[in-house]
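*Asks:* What would the 3D arrangement of this be:
(chains A and B)
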Amino acid sequence: DAGVIQSPRHEVTEMGQEVTLRCKPISGHDYLFWYRQTMMRGLELLIYFNNNVPIDDSGMPEDRFSAKMPNASFSTLKIQPSEPRDSAVYFCASSRDSFRQFFGPGTRLTVL
Amino acid sequence: AQSVAQPEDQVNVAEGNPLTVKCTYSVSGNPYLFWYVQYPNRGLQFLLKYITGDNLVKGSYGFEAEFNKSQTSFHLKKPSALVSDSALYFCAVRDMSGATNKLIFGTGTLLAVQP
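*Replies:* Residues are numbered from 1 along each chain as shown, chains lettered A, B, ... in the order given. Below you'll find the model as predicted:
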């Protein structure tokens, strides 16, 4: 089992640019979570999906952020336009039961 | 509101000594409690969970946690610390509000084990 796969692992972009983060969950996992981690705010849940349907997006900071899950094996988190305060490590996690979550290696985003 | 608190930002312990990482919770109803560990430049990894049953839960890498309902605590313990245990540890509780299946994570405790 390859685990949760995230790409890219590192992303450096300039303010105002569009950023797309990608995630491939573990096969058979019905839940997918997007988190953001920073020193200041810790670990924040942005949004989670169950069976490809967004269930709770209350953690999405603003309209600049959007997430999709077009099928069971792929999800994207998009930031448009990006801002320096979006700099963080973004994690994707998947789970069968929503509690024992398997995290990907993360994408370190730097917005200049 | 559901929440967990990790009162210590950092815990220092010498290798071979017992370690404790503290967690207290506030939930309505019976809690589902979890511990996760994050090694440098990695995602979080599940360590153990308490849902029901024995108050002492055993998990990965020799860790265990004790559920104490009267003190609303779920402290993580290990009898003998290893340098390789140095990492960031997160306590989490299931969000019992509404029809949600998400976890509420604490702020994390950095464990530093000195050789």
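*Asks:* Not counting sequence-adjacent ones, nearest residue to the closest residue to chain A within chain B?
*Replies:* Closest residue of chain B to chain A, Cβ to the nearest Cβ: B:G43 (2.9 Å). Any C-beta I mention is one placed from the backbone N, CA and C, and that applies to glycine too. Counting by Cβ to Cβ, 6 or more residues apart in numbering or on different chains, A:F103 is the residue found nearest to B:G43 once chain neighbours are left out, at 2.9 Å.
*Asks:* any low-confidence regions in chain A?
*Replies:* A:1 (pLDDT under 70).
*Asks:* what does it have sitting close to chain B?
*Replies:* Contact residues (Cβ under 8 Å from any Cβ of the partner chain) of chain A with chain B: A:4, A:31, A:33, A:42-43, A:45, A:48, A:50, A:55-56, A:91, A:93, A:98-106.
*Asks:* Report the secondary structure state of the residue nearest the centre of chain A.
*Replies:* By Cα atoms, centre = their mean, chain A has its centre lying nearest to A:W34, at 3.5 Å. In the three-state summary, A:W34 is assigned as strand, counting by DSSP: H, G, I helix; E, B strand; the rest coil.
*Asks:* Pretty sure it sits against A:A88.
*Replies:* No - counting by Cβ atoms under 8 Å, A:A88 is not a contact partner of A:W34; they are 11.4 Å apart.
*Asks:* Provide a list of residues in contact with A:C23.
*Replies:* A:C23 sits next to A:V4, A:I5, A:Q6, A:L32, A:W34, A:F74, A:S75, A:T76, A:L77, A:C92, A:G104 when contact means Cβ atoms under 8 Å, 6 or more residues apart in numbering or on different chains.
*Asks:* Nice, that's everything, thank you.
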